[in-house]
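J.: Could you work out the structure for the sequence below:
(chains A, B and C)
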Amino acid sequence: MVEQNRTAYRLNDIVARFGGRVVGDDSATINQVATLDSAKLNQIAFLANVKYRKQLETTGATAVIVSEGNVEVTTLPRIVCDNPYSYFAKLSAFLNPLAVFAAGIHPSAVIGTGAIISPTAHIAASVSIGEGAVIGAGCVVMSGCSIGAHATLGENTRLYPRVVVYHECVLGKNVILHSGAVIGADGFGIAMEEGAWLKIPQIGRVVIGNDVEVGANTTIDRGALDDTVIEDGVKLDNQIQIAHNVRIGAHTAIAGCVGIAGSAVIGKYCRIGGSAGILGHLSIADGVEVSSFTLVGKSILKAGTYSGIFPVAEKSDWLKNAAHIRHLDDMATRIKQLEKDIQELKRRS
Amino acid sequence: MVEQNRTAYRLNDIVARFGGRVVGDDSATINQVATLDSAKLNQIAFLANVKYRKQLETTGATAVIVSEGNVEVTTLPRIVCDNPYSYFAKLSAFLNPLAVFAAGIHPSAVIGTGAIISPTAHIAASVSIGEGAVIGAGCVVMSGCSIGAHATLGENTRLYPRVVVYHECVLGKNVILHSGAVIGADGFGIAMEEGAWLKIPQIGRVVIGNDVEVGANTTIDRGALDDTVIEDGVKLDNQIQIAHNVRIGAHTAIAGCVGIAGSAVIGKYCRIGGSAGILGHLSIADGVEVSSFTLVGKSILKAGTYSGIFPVAEKSDWLKNAAHIRHLDDMATRIKQLEKDIQELKRRS
Amino acid sequence: MVEQNRTAYRLNDIVARFGGRVVGDDSATINQVATLDSAKLNQIAFLANVKYRKQLETTGATAVIVSEGNVEVTTLPRIVCDNPYSYFAKLSAFLNPLAVFAAGIHPSAVIGTGAIISPTAHIAASVSIGEGAVIGAGCVVMSGCSIGAHATLGENTRLYPRVVVYHECVLGKNVILHSGAVIGADGFGIAMEEGAWLKIPQIGRVVIGNDVEVGANTTIDRGALDDTVIEDGVKLDNQIQIAHNVRIGAHTAIAGCVGIAGSAVIGKYCRIGGSAGILGHLSIADGVEVSSFTLVGKSILKAGTYSGIFPVAEKSDWLKNAAHIRHLDDMATRIKQLEKDIQELKRRS
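T.: All right, here's what the predicted structure looks like:
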């Protein structure tokens, strides 16, 4: 990151603000977070996993965040708390607040008739806002974004450059959309008639709740008739494709490159691994975890961890083994026959 | 969708226009389509799948579209026709026409020397059009699109915001490109020499036929030497990657997140499921259907349905079974040995 | 490609410049490269793979590039060299230089305070450049790109339309970014606390070396604390997702749609096939080749080719065989029991 004159805080100031207790010199001052491996003077690192404990011996950190169980792993000044990782998250957010953008509309932005833009919103250069759109207080719409007619952005929602929100879509408060995200493009609705595909108008919307983050180049299609819905607190990584009429439950987190087909309903507090796929018109219960690269082809009705990952192998070994997959049915039949034969031989002997 | 004063039509007006016949009150009026589940007064739903028949008992729809075989499933006013789904598609397109954009060029658009733009085209704010490009009658190019030098858009082609068409690419009539689509970026052509990759200039184009729709953030690379070709009526969902020199036959439909490697030739009327992959330099016959998440690693020479999907499982079960895949060759050898031993024992006994 | 008055070169001029020797008429002139199949008068094709040899009989090419071993496959004028494919690459780059863009800043571009833009750079319409950014000599930044605050572009780096580079990211010399690429969006860092996800600020950068090419709609996330690093000469195809804190070694080439999870370290001169996946916090040695559609779920410590591809099959066959995968553990147990039983029977007989 860019070196700056950063404000420094003493450890006792930090625990007064965020809880926990200090062991060691509580007047030590820090101004940034870092990894154990790369931390320098006036930086604080954290130990969330004991496998990094060895790095405590060589770290340049001024202080460390540890759990109660690890109070004695270092003699450095340390903050002791229940959950070092979330403590670190909160402290980092405090030390690294989001960039501030001045309120106002850049003269090159184009604003449609009847659009309502909060005087505290920032509308950057080359932004287009459609007629009747509503941009809430404190919103930041960076350069080159396009907001369709009658779309709505809740308070403090932030769009990085080149985001597109189609007409009529609704975003809640404190939503973050990264560059290249496309919200509300037409779902893939087609019907075959007389040798050609008819397009089915996609007249639903995308409705996104509060505190949702959407990664770069992720796409969320508008509903065919009813809406596509992303509930509060959902976190989506980059290059995810969410088809029309999907519903994603609150606080579900989805890693990059996942594809979710039409009308799938995903529960709350699910965690979907990268490049997984979820077929259409199925349901996934609350609290389901799906491994990376796994295809969910039928509904999952109870919480748990589900997988369909294959092990990678040296190619010649792999080919030798994988070829037999085409003959598994034959192998199963032959095992059954062998069992019968053995029974017969045992009976005879 | 935004509530509006919508024009209402009587059922007998509708069948006069689209065919079929009315059973029940043919003066019932409707102004919008909807699902059985969410339909309200003056809306028409459809029954394409008998599993939704129960919803007929509680629907708020004023009328329903059904097939001849389902005439008696409801007492609501109904339109009876051969194919309720495509009937619904046509009726919805009639009730929900594409938004109209006024002809003209926004003053912030930048138009290159020698570009020919139809006076009936709409060119929005922050659009760049390269020198010698041709924009046909009735085209809509929304905000922030970039059209490269000497590219051509046929009549009534519509580009949603932030589409990029590279130089020299050709789009037919009635093409729709959704936001973030990139047409004509360089194909991935590299040659290794003396420890570094040489870039191979990509001097072919992308040529797209009529009535093609391309989803959000889909990418179609220009050809290395010859062109990449997308034939008439092809429908592409979001986040599809089509490499250089691919050819996709007319009326093929491809779901989201599919990757197609260089020089693959795909037939007409194929249907490719989401997140499938197709390796390079192979051919797929007309009328092939490929399941989601399936890798096509060799040519498919006749129509049919092809799959390589694995079932998802509870993770501990999965791991227990998947581990054996590394030993299938050994298992096969042992079965063969057992069969020999049994033969020997039978001979002896 | 667009037909132009192209400069023609005699074969003896070409070998004077690029090496090799001419067999046949060395005054034959060519002005463009082409495939054997589509070449016309004054075009030169190449034969890199003997399976295309038959096309030599019918090609319209004026000349051909062949290897020493294939000198006699044609009577056409020919350039004989060690590596026809890389020879062709260099010749094509000579005949098809990158488009030239005039130096200067378009009046509609918005330049932040303190940004340093080389007078030889081209900054197109609707570009936004943040405060303190540095744009090197000869850079081309096409329409609608957004360069964040304090970002740096090395000499002769070229951004196609609608690329986004977030704040503080560093690009080397001769880098090419295709449209829709997003460099430096936040990595997917979240921590659960009290039923909701906390966002972990992503304060690292993306640092890209020299001679790197990044395909359309590819995303490379900034580091959580330390940087994400792409070394010199790396070639990335379209729609690749690279998560925070990944490191990719020099001259590695990655095909389309690959996903790489956080903190993975990939060696030099690797080749990763399309739609492959690489899990987080693992290492891949130099010189590893990974097949398309393969998930790498653990570190690979030595060079070689690795695969996890399944064969596609006619769907009914596939389902029959794939179902047994859920019972492999049972099959293995039964084979073991059969082996015991056979031993017992042999002992008795």
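J.: and stretch A:271-278, average pLDDT?
T.: Averaged across stretch A:271-278, the pLDDT comes to 96.
J.: Now do the contacts for the closest residue to A:A255 other than its chain neighbours.
T.: Leaving out its chain neighbours, the residue that sits closest to A:A255 by CB to CB, 6 or more residues apart in numbering or on different chains is A:G274, at 3.9 Å. From N, CA and C alone the C-beta is placed, and that goes for glycine too. With CB atoms under 8 Å, 6 or more residues apart in numbering or on different chains as the criterion, the residues that contact A:G274 are A:237, A:255-258, A:292-293, C:241, C:259, C:261, C:277, C:279.
J.: Regarding A:G274, what are the backbone dihedral angles?
T.: Here is the backbone geometry of A:G274 (degrees, to the nearest 10): phi -60, psi 140.
J.: Can I take it that A:I342 is in a helix?
T.: Yes - for A:I342, which was evaluated using DSSP: H, G, I helix; E, B strand; the rest coil, the result is membership in a helix.
J.: isn't it right next to C:K346, touching?
T.: No - if you go by CB atoms under 8 Å, A:I342 and C:K346 don't touch, sitting 11.6 Å apart.
J.: Show me which of these two is the more surrounded one.
T.: Each of A:I342 and C:K346 has its neighbours counted (other CB atoms under 10 Å in any protein chain shown); A:I342 has more, 21 against 12.
J.: beta partners of the residue nearest the centre of chain A?
T.: Nearest to the mean C-alpha position of chain A, counting by CA atoms, centre = their mean, stands A:L236 at 2.9 Å. With DSSP bridges applied, A:L236 shows beta-bridge pairing to A:V214, A:I254.
J.: Tell me, how many residues neighbour the closest residue to A:I123 other than its chain neighbours?
T.: Of all residues beyond its chain neighbours, the one nearest A:I123 is A:I105 (4.3 Å), with distances taken as CB to CB, 6+ apart. Neighbours of A:I105 under the rule other CB under 10 Å: 18.
J.: For A:I105, grab phi and psi.
T.: Backbone torsions for A:I105, taken as degrees, to the nearest 10, come to phi -110, psi 120.
J.: One more: A:A8?
T.: Dihedral angles (degrees, to the nearest 10) for A:A8: phi -100, psi 150.
J.: how deep is it tucked in, by neighbour count?
T.: Other residues within reach of A:A8 by the criterion other CB under 10 Å amount to 14.
J.: just checking, it touches A:A28?
T.: No - checked against CB under 8 Å, the pair A:A8 and A:A28 is beyond contact range at 9.8 Å.
J.: Need the residues touching each of these two.
T.: Contact criterion CB under 8 Å, 6+ apart; residues shared by A:A8 and A:A28: none found.
J.: so where's the stretch 1-150 of chain A shaky on pLDDT?
T.: For the stretch 1-150 of chain A, the stretches flagged by pLDDT under 70 are A:1-4.
J.: Show me where it has its helices.
T.: A:11-18, A:84-95 (DSSP state H, counting those that start in this stretch).
J.: out of those helices, deepest packed?
T.: The highest mean neighbour count among the helices of the stretch 1-150 of chain A belongs to helix A:84-95 (a mean of 21), with neighbours defined as mean count of other CB atoms under 10 Å in any protein chain shown.
J.: circling back: next, format the contacts of A:G274 as TSV and append secondary structure and neighbour count.
T.: Putting the contacts of A:G274 into TSV (DSSP: H, G, I helix; E, B strand; the rest coil; neighbours: other CB atoms under 10 Å in any protein chain shown) gives the following:
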residue	secondary structure	neighbour count
A:D237	coil	31
A:A255	coil	26
A:G256	coil	28
A:C257	coil	33
A:V258	coil	26
A:S292	coil	24
A:F293	coil	29
C:Q241	strand	30
C:G259	strand	27
C:A261	coil	27
C:G277	strand	28
C:L279	coil	23
